[in-house]
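**Q** structure here, sequence nowhere to be found:
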């Protein structure tokens with residue numbers, strides 16, 4: 001996982017400060033790596049102002065960086081570079097140098113380009129995914145170089161003040177299924193324990209057609225829980241996803257439970273995001289897959305953050 005966040009400041013604040021160090025944007029980045037074979041999980045975080053070249057993004061193409069972590073593009077080809085250092089010794093634990101080429105075009109989520117997050121004006125975002133990118137390159141772990149070949153998923157979302165006062169967090173799934181389809185779903189949770197009607201998703205066919213999934217067209221059922229020894233947050237550790245209208249039933253299980261990020265040095269949000277495996281049925285035929293899952297708002301509510 002390599003995630004970049006940009007927080008834009010009010011324009012009048014920049015105009016009031018002529019200093020070269022005055023910032024219009026603040027950038028955060030999170031980098032996490034799951035070693036499934038050895039049941040290890042590492043993560044790191046960065047924070048920088050968009051001044052003096054320390055962090056930034058291009059406006060005419062996808063290119064964003066914080067320090068020496070970056071995503072860059074040349075046409076449709078994406079390049080990811082980042083390293084993860086020990087917080088104690090500063091030794092490089094892992095490094096990625098990946099090249100990603102999309103096998104499907106960008107998929108726009110929501111309706112008419114708007115991904116609703118609530119009933120009020122402004123509770124929405126623009127959100128698209130590249131759900132299947134052929135990935136090659138180098139993964140270096142503890143000095144040992146591994147040549148990799150696999151699939152990645154890219155999300156790009158932007159908006160302002162998306163969550164309502166009663167929304168405490170979300171559960172998000174990005175799943176690649178072995179029949180060539182993909183599924184993106186998110187459930188927005190309210191403080192009374194119910195799911196917000198703005199919850200939705202997209203079912204993407206093998207030929208890259210996106211079918212919008214509204215909140216009344218899917219069910220999410222937590223099957224078990226895991227308690228974090230760091231934050232004491234209790235997370236669902238496996239889920240059953242059901243889309244009756246598409247004859248799809250999926251069980252989503254983490255490769256390992258301990259994939260929590262406590263980001264005290266950047267976004268100051270504690271959340272779970274990690275690799276998952278998938279098995280179930282589609283039209284009564286067995287189906288499998290893999291993907292990523294994100295769960296927020298279990299350590300503390302996020303309705304004052306987004």
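**A** It's in. Everything numeric here is computed off the predicted structure, so don't read it as measured data.
**Q** and residue 112, what pLDDT?
**A** Residue 112 carries a pLDDT value of 84.
**Q** count of neighbours near it?
**A** Residues lying near residue 112 (other Cβ atoms under 10 Å) number 5. Where you see a C-beta, it was placed from the backbone N, CA and C, and this is true even at glycine.
**Q** swap in residue 150?
**A** Number of residues near residue 150 (other Cβ under 10 Å) recorded here: 13.
**Q** ok, now residue 56?
**A** 18.
**Q** what does residue 126 give?
**A** By the measure other Cβ under 10 Å, the count of residues near residue 126 is 14.
**Q** who are the contact partners of it?
**A** 113, 114, 115, 157, 158, 159 (Cβ atoms under 8 Å, 6 or more residues apart in numbering).
**Q** show me the helices in the chain, by range?
**A** 11-15 (DSSP state H).
**Q** coming back round to it: same list (the contacts of residue 126) but as JSON lines, adding neighbour count.
**A** Below are those laid out as JSON lines (neighbours: other Cβ atoms under 10 Å):
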{"residue": "113", "neighbour count": "11"}
{"residue": "114", "neighbour count": "14"}
{"residue": "115", "neighbour count": "22"}
{"residue": "157", "neighbour count": "12"}
{"residue": "158", "neighbour count": "11"}
{"residue": "159", "neighbour count": "15"}
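**Q** select from the residues you listed every entry located in strands.
**A** 115, 157, 158, 159 (DSSP state E).
**Q** and residue 119, what pLDDT?
**A** 84.
**Q** ok so, going back, of the contacts of residue 126, which is the nearest to residue 55?
**A** Proximity of the contacts of residue 126 to residue 55 (Cβ to Cβ) peaks at residue 158, which lies at 16.4 Å.
**Q** isn't that closest one up against residue 124?
**A** No. Look at residue 158 against residue 124 with Cβ atoms under 8 Å: they stay out of range, at 10.7 Å.
**Q** returning to that earlier point: pick out the lowest-pLDDT one from the ones in strands among the contacts of residue 126.
**A** Ranked by pLDDT, the ones in strands among the contacts of residue 126 bottom out at residue 159 (82).
**Q** low-confidence ranges, this protein, go.
**A** The chain contains residues with pLDDT under 70 at 9-24, 161, 304-306.
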